[in-house]
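**Student:** got a predicted model here, sequence first, then my questions.
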Amino acid sequence: MADPDAANLGDLAAFVAVAEAGGFREAARAGGASASSLSEALRRLEAGFGVRLLHRTTRSVAPTEAGARLLERLKPALGEVAAALDVVNGFRDRPAGTLRLNVPVSAARLVLPALVPPFLAAYPEIHLDVVAEDGFVDVLAAGCDAGIRYEERLEPDMIAVPIGPRTQRFATAAAPAYLDRRGRPAHPRDLLDHACLRGRFASGASTEWEYERDGETVRIEPSGPLTVRVGTATDLAVEAALAGVGIVSLFEDWLRPHLDSGALEPVLEPWWPRFSGPFLYYSGRRYLPAPLRAFVDFVAARRA
């Protein structure tokens with residue numbers, strides 16, 4: 001029989017993190033701990049229980065039969081412990097703790113800057129940990145409390161709260177010198193004869209350029225001299241457009257400073273498509289940690 005004194009809460013939490021992440025380095029990145037400390041926690045657990053809990057290879061980690069049974073019972077139990085401790089947090093004058101958000105790079109650039117400084121000023125005992133990436137991520141499996149996504153990417157069974165501007169547009173633009181040299185497109189299909197600066201998702205799929213006007217929708221896949229990873233390398237495409245390399249299509253708010261300064265000129269503006277703004281989303285199936293509750297209330301108050 002396993003000795004109850006052989007395990008402490010931290011070691012058990014480390015086991016759950018590694019088993020769910022599928023590796024020590026993956027769990028370390030998600031939770032902010034070191035891989036060596038997680039490995040040591042697993043060593044203590046297995047030594048105390050006298051049972052191997054994880055199969056380890058050079059490429060992956062997977063629970064043994066004993067580990068799988070333990071994980072099945074442990075996850076809800078640790079969730080209840082976290083919820084119980086957070087109830088005490090609710091009695092503080094001001095909430096404290098860490099709030100971890102997973103957001104697209106566009107939200108980190110265009111939405112959060114207006115919210116983060118006043119939120120941290122209002123809640124100085126909350127630490128905000130923001131992970132910005134544009135891949136499709138299960139925020140809970142990634143160890144985050146909540147995420148920001150656009151409507152078509154929201155996960156099922158999640159509560160969604162509007163955050164940021166409710167209507168946005170995709171803008172198309174180029175440097176005036178480029179347009180003087182190559183001509184100004186009059187219809188979206190004219191872009192097929194231009195040098196376009198493309199984006200590619202982490203999955204490898206290229207971004208499609210979509211336009212709308214008077215009930216007509218046009219989708220094209222233009223070509224050009226530069227393709228960048230969506231989000232993480234988008235600024236490179238913007239800099240290339242500013243240098244006259246080609247035409248860029250991006251969030252209007254991202255390009256707005258350059259449009260206002262005249263460094264970029266709008267292209268096909270009557271065709272720019274509108275889309276709904278982003279949402280803060282989180283699980284509706286578990287107790288809301290005090291830092292997340294504070295952020296949700298803060299976002300709602302700012303909208304009001």
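**Tutor:** Thanks, I have the structure now.
**Student:** pLDDT weak spots in the protein?
**Tutor:** Residue ranges of the chain with pLDDT under 70: 1-7, 30-32, 58, 82-93, 135-137, 141, 152-156, 285-287.
**Student:** residue nearest the centroid of it?
**Tutor:** Against the mean C-alpha coordinate of the chain, by Cα atoms, centre = their mean, the closest residue is Val103 at 2.5 Å.
**Student:** which strand or helix spans the closest residue to it other than its chain neighbours?
**Tutor:** Nearest residue to Val103 in three dimensions, chain neighbours excluded: Ile148, at 4.1 Å (Cβ to Cβ, 6 or more residues apart in numbering). Using the backbone N, CA and C atoms, a C-beta is placed for each residue, glycine as well. Following DSSP states H and E, the helix or strand that holds Ile148 is strand 146-149.
**Student:** who's in contact with the nearest residue to Leu120 once chain neighbours are set aside?
**Tutor:** Using Cβ to Cβ, 6+ apart and skipping the chain neighbours, the partner closest in space to Leu120 is Leu128 (6.4 Å). With contact set as Cβ atoms under 8 Å, 6 or more residues apart in numbering, Leu128 has these partners: 98-99, 101, 116, 119-120.
**Student:** 7 Å instead?
**Tutor:** Contact partners of Leu128, counting by Cβ atoms under 7 Å, 6 or more residues apart in numbering, are 99, 116, 120.
**Student:** residues of the helix or strand hosting Gly199 that come out buried?
**Tutor:** Assigned by DSSP H and E, Gly199 falls within strand 196-200. Going by neighbour count (16 or more other Cβ atoms under 10 Å), the buried part of strand 196-200 is 196-199.
**Student:** next structured bit after that strand?
**Tutor:** By DSSP H and E, the next helix or strand past strand 196-200 is strand 209-213.
**Student:** number of residues surrounding Ala13?
**Tutor:** Neighbour count of Ala13, defined by other Cβ atoms under 10 Å: 18.
**Student:** any idea how far Val111 is from the residue lying closest to Tyr178 once chain neighbours are set aside?
**Tutor:** Counting by Cβ to Cβ, 6+ apart, Tyr178 lies nearest to Gly244, which is 4.4 Å off, once chain neighbours are set aside. Distance, Gly244 to Val111, by Cβ to Cβ, to the nearest Å: 30 Å.
**Student:** between the two, which one's more packed in?
**Tutor:** Val111 (22 against 16).
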